[in-house]
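Asks: When you get a sec, could you give me coordinates for this:
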Amino acid sequence: MPKRGAPPLRGEILQGTLDLLILQTLVLGAAHGHTIAHAIEHRSEDVLQVEHGSLYPALHRLEDRAWIASFWGTSENNRKARYYRLTRMGRKQLTTHTDRWAQLIRAIGRVLQPSKE
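Replies: Reported below is the predicted structural model:
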C-alpha cells in the first residue's frame, strides 16, 4: 500500500515510461524481472505497481531493440532466473528518454499551472 495515502497506479504507466523506469533500474546493475519490478515499486514508495503482464513484454521489447541483454543466472533463493543488463545502446537511449521525459514534465506543468501574465 502506498505510504502517502494515494492508491497505487496499476496499469496506468505509459509504455515508454515503463521502458524508461526499467532502463534506469538497470543502471545499478543486472537484475531479474522480480527484482526490477520490486525496485521500481520501492523507489516510487509503492505508488507505481509493475504487473508481470506489463513487465515481461517490456523486457522482451527492450531486448529486441538491443537496449538490454539477458543471461541466465541463479537468484538469491537459488533458482534459475533470467537476468537483464543495460547495453551501451540502452545507456544512450536512457539519456535520450530522460531528457524527453524532463521536457514532457515541464510542458505538463505549464499546462496544469499556467503562469499569470
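Asks: distance of the most centrally placed residue in the chain from D64?
Replies: Nearest to the geometric centre of the chain sits L21, at 2.0 Å (Cα atoms, centre = their mean). Counting by Cβ to Cβ, to the nearest Å, the separation of L21 from D64 is 18 Å. (Each C-beta comes from the backbone N, C-alpha and C, glycine too.)
Asks: swap in T74?
Replies: T74 sits 25 Å away from D64, taking Cβ to Cβ as the criterion.
Asks: so where do the strands sit in this protein?
Replies: Counting by DSSP state E, the chain has these strands, from start to end: 9-10, 31-32, 48-49, 68-74, 80-86.
Asks: of all those strands, which lies closest to D99?
Replies: Put simply, out of the strands of the chain the one that sits nearest D99 is strand 80-86, at 16.9 Å, with distance taken as Cβ to Cβ.
Asks: List the buried residues of that closest one.
Replies: Within strand 80-86, the residues that qualify as buried by neighbour count (16 or more other Cβ atoms under 10 Å) are 81, 83-84, 86.
Asks: Looking at these, which is nearest P57?
Replies: Nearest member of those to P57, counting by Cβ to Cβ, is Y84, at 13.3 Å.
Asks: wait, what's in contact with that closest one?
Replies: 22, 26, 30-33, 36, 59, 62-63, 68-70 (Cβ atoms under 8 Å, 6 or more residues apart in numbering).
Asks: same thing but at 7 Å, please
Replies: Listed by Cβ atoms under 7 Å, 6 or more residues apart in numbering, the contact set of Y84 reads 26, 30-31, 36, 59, 68, 70.
Asks: a markdown table please, covering these and showing pLDDT and neighbour count.
Replies: A markdown table is the format used below for the contacts of Y84 (pLDDT from 0 to 100; neighbours: other Cβ atoms under 10 Å):
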| residue | pLDDT | neighbour count |
| --- | --- | --- |
| L26 | 98 | 25 |
| A30 | 97 | 16 |
| A31 | 97 | 19 |
| I36 | 97 | 22 |
| L59 | 97 | 21 |
| I68 | 98 | 26 |
| S70 | 97 | 16 |
